[in-house]
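# Okay, sequence plus prediction incoming.
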Amino acid sequence: MKALFACLIAALGVLGIVAPAGAQEAAYPARPIKIIIAFPVGGLLDTVSRVVGEKMSSLLGQQIVIEARPGAGGTLATAAVARAEPDGYTLMMINDNHSLNPSVFKNIPYDSVKDFASIGFVGSAPLVMVVNAGVPAQTVKELVELAKEKPGTLTYGSVGVGSASHLAGEMFAAAAGVKMQHVPYRGGAPALNDLVAGHVNSMQLSAVIGLPQIEAGKLRALGVAASSRLEVLPNVPTLAEAGYPMEAAYWFGLVAPAGTPAAVTDKLEKALAQVLAMPDVKKRLTEMGAVVTPLGSKAFGQYIQAEMTKWSDVITRNHIKFE
């Protein structure tokens, strides 16, 4: 009887009825999925990841856990994801640092393009140029005039050397033909605190961080580094409207380790697209100052490479050095 049963199982296997090759892929996900972020809990990237992860969890029928692994400008977490098993259970919500780090750090232990499989772009949070209440400039033009009157004395803060807020400041200064002193901080909170207190004059930050202080009158928004105005700041012109066309943003998108099966990344890409089409998700992210811009895996991969080229050019043109 055992011999007969064994022969039957073997025959079924030949016919592809028992454990066909695609069965395991079709069953994905069979356990909880982890989305790694490279920055602290409570920040913009964490919030976006939780909004998206919660909805994707419902669609996929498995819990999605957001795990923060901050440190070294995001390189430690990114390297860990690059080395993770490519089975679809370890993903990463990357941000703008993913395209900046190859130019900022001399030897990062991964390739920002080759070591990852793009799943989809979520959107971006365009940077807003703000000054504290003590700065007399009411417009971008007046800030430029002030900077020219006192070259090298006006300061701008950033969330760190090599960050988008740092490089956006350099980009603006070059476009305006002014000299401003860069003051780097370790994160958004201390930078914002010193900006409000008047220890630095200006900064380019995301609306979600600056909006409460702007509404309270402690900060004044002068321009948005985007192609169009933000819904949450409809009266603030773009920098292009002020005569300085430039785009800079914190952005976010989902990736997996390279080698993740196409059937898995396809399923994740479709789930992400469904989530970003949900009105409540778009509303929540828009209220945070984000612009939801769904892109599929191929377009997102092209976007990453374009961002890498853009910021590499900014660094080279402005002779920016990193310690």
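Ah, there it is.
# Can you give me the neighbour number for Ala133?
13 (other C-beta atoms under 10 Å). C-betas here are computed from N, CA, C, even on glycine.
# Test for you: state the pLDDT assigned to the closest residue to it other than its chain neighbours.
Once flanking residues are discounted, Ala133 sits nearest to Lys218: 5.7 Å by C-beta to C-beta, 6 or more residues apart in numbering. For Lys218, the model assigns a pLDDT of 97.
# Equivalent analysis for Pro279, please.
97.
# again with Glu287
88.
# Also the one 3 residues further on?
Per-residue pLDDT puts Ala290 at 90.
# Pretty sure Ala290 sits against Val48.
Yes - assessed by C-beta atoms under 8 Å, Ala290 is found in contact with Val48 at 6.9 Å.
# any chance you could map the strands in this structure?
For the chain, applying DSSP state E gives strands covering 33-37, 64-68, 90-95, 116-132, 155-158, 181-184, 202-206, 219-224, 249-257, 291-295.
# Most tightly packed of these?
strand 202-206 (a mean of 28; mean count of other C-beta atoms under 10 Å).
# How about residues contacting that one?
44, 125-132, 135, 143, 154-159, 164-165, 168-169, 172, 180, 188, 191-192, 195, 225, 248-250, 289 (C-beta atoms under 8 Å, 6 or more residues apart in numbering).
# Distance-wise, check Ala262 relative to Pro294.
20 Å (C-beta to C-beta, to the nearest Å).
# Likewise for Ser163?
From Ser163 to Pro294 the distance is 25 Å (C-beta to C-beta).
# same thing with Gly73?
27 Å.
# And for Val264?
From Val264 to Pro294 the distance is 19 Å (C-beta to C-beta).
# Same question for Ala117.
17 Å.
# same deal with Asp87?
25 Å.
# low-confidence ranges in the protein?
Counting by pLDDT under 70, the chain shows low-confidence ranges at 1-26, 323.
# quick check: longest helix of it.
As assigned by DSSP state H, the longest helix anywhere in the chain is helix 297-317.
# which helices and strands does it pack with?
helix 97-104, strand 116-132, helix 164-176, strand 249-257 (3 or more C-beta pairs under 8 Å, 6 or more residues apart in numbering; DSSP states H and E).
# who's in contact with Gly123?
Gly123 sits next to Trp251, Phe252, Leu276, Leu285, Ala290, Val291, Val292, Thr293, Pro294 when contact means C-beta under 8 Å, 6+ apart.
# wouldn't Trp182 be in contact with His166 here?
Actually, residue 182 is His rather than Trp. Yes - judged on C-beta under 8 Å, His182 makes contact with His166 at a distance of 6.4 Å.
# Now do the nearest residue to Pro40 once chain neighbours are set aside against Val314, distance only.
Using C-beta to C-beta, 6+ apart and skipping residues adjacent in sequence, the residue nearest Pro40 is Pro70, 4.8 Å away. As judged by C-beta to C-beta, Pro70 and Val314 stand 25 Å apart.
# how far away is Leu254 from Ala80?
Taking C-beta to C-beta, one finds Leu254 at 16 Å from Ala80.
# got the contact list for the residue nearest the centre of the chain?
The centre of the chain sits closest to Asn95, judged by C-alpha atoms, centre = their mean, with a distance of 2.4 Å. Residues near Asn95 by C-beta under 8 Å, 6+ apart: Ala38, Phe39, Leu45, Gly74, Tyr250, Trp251, Phe252.
# OK, contacts around the third one?
Same thing as Leu45. Ile37, Ala38, Phe39, Met93, Asn95, Tyr250, Phe252.
# what's the closest of these to Val281?
Phe252 (13.0 Å; C-beta to C-beta).
# Quick check, the closest one in contact with Gly120.
No - the pair Phe252 / Gly120 is not scored as a contact, 10.4 Å apart, by C-beta under 8 Å.
# burial of Tyr28, as a residue count?
18.
# how far away is the residue nearest to it when sequence neighbours are not counted from Ala225?
In space, Tyr28 comes closest to Val264 once its chain neighbours are excluded; the distance is 5.3 Å by C-beta to C-beta, 6+ apart. The gap separating Val264 from Ala225 is 36 Å, by C-beta to C-beta.
# Repeat that for Pro261.
38 Å.
# Show me which of the two is the more surrounded one.
Ala225 (22 against 17).
# still on that earlier bit, buried set for the longest helix of the chain?
Buried residues in helix 297-317, counted by 16 or more other C-beta atoms under 10 Å: Ser297, Phe300, Gly301, Tyr303, Ile304, Glu307, Met308, Lys310, Trp311, Val314, Ile315.
# ok, of the residues you listed, which one's closest to Ser58?
The closest of the buried residues of helix 297-317, once distances to Ser58 are taken by C-beta to C-beta, is Ser297, at 21.6 Å.
# ok, that closest one - contacts?
Taking C-beta under 8 Å, 6+ apart as the test, what Ser297 contacts is Ala117, Ser118, Ile119, Gly120, Thr265, Glu269.
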